[in-house]
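Asks: dropping the sequence and predicted coords here.
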Amino acid sequence: MAKVKLEELADGGLQELYTVAQEKVLQNMQDPNTPYKNKRAITIKLTFEQNEDRDDTQVNIAVETKLAPVKPIVTRMAIGKDLKTGKVFAQEYGGQLRGQMSLEDYQTPQGDLKVDGKTVDPETGEIKEESDGKVVDLRVAKQA
């Protein structure tokens, strides 16, 4: 019996299907939204269907993947009833409770911030050096 090279079967069709399936499995393994412990699988299925004379067969080639499912996304909602209107509500709050203030609620000061008469950068807290608008030639300053 002659040996069949799987990479040459169906003019390389099986190899191509396997390569696509392997790419899917590897992408699924690298996806942080899937559990790392789940096993992945690639199944190659060859189905042989012969004719009545038993001198010819049709070979159906299928490649299937078993991937890890994507983990569900979880959020939290506060539910209640508006006492003024009587309507029920649901409001997503994530990591912050309804009505609670966060640091984003406080805005940074607009414009220049002055401390002891000196201008302070509001983002870094550093004192900005005052300049008189003149260009400083460092070569001349080095000689002095």
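Replies: Ah, there it is. The model shown is predicted, which means the values in this text are computed figures rather than measured ones.
Asks: only C-alpha atoms for contact and neighbour calcs from this point on.
Replies: Noted.
Asks: and the longest helix for this protein?
Replies: The residue-count maximum for a helix in the chain (DSSP state H) belongs to helix 13-30.
Asks: that helix packs against which elements?
Replies: Under the contact criterion of 3 or more C-alpha pairs under 8 Å, 6 or more residues apart in numbering; DSSP states H and E, helix 13-30 touches strand 41-50, strand 57-66.
Asks: will you turn these into a markdown table that also has mean neighbour count?
Replies: Output for the helices and strands packed on helix 13-30, formatted as a markdown table (neighbours: other C-alpha atoms under 10 Å):
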| stretch | mean neighbour count |
| --- | --- |
| strand 41-50 | 13 |
| strand 57-66 | 14 |
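Asks: now render these as CSV, adding mean pLDDT and distance to Pro122.
Replies: Shown next, in CSV, are these (pLDDT from 0 to 100; distance: least, C-alpha to C-alpha, whole Å):
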stretch, mean pLDDT, distance to Pro122
strand 41-50, 96, 55
strand 57-66, 96, 54
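Asks: could you export those strands as TSV, including distance to Gly125?
Replies: Formatted as TSV, these follow (distance: least, C-alpha to C-alpha, whole Å):
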stretch	distance to Gly125
strand 41-50	56
strand 57-66	55
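Asks: and these: which comes nearest Lys114?
Replies: strand 57-66 (63.4 Å; C-alpha to C-alpha).
Asks: helices or strands next to the closest one in the packing?
Replies: By 3+ C-alpha pairs under 8 Å, 6+ apart, strand 57-66 packs against helix 13-30, strand 41-50.
Asks: since that was my last question, I'll sign off now.
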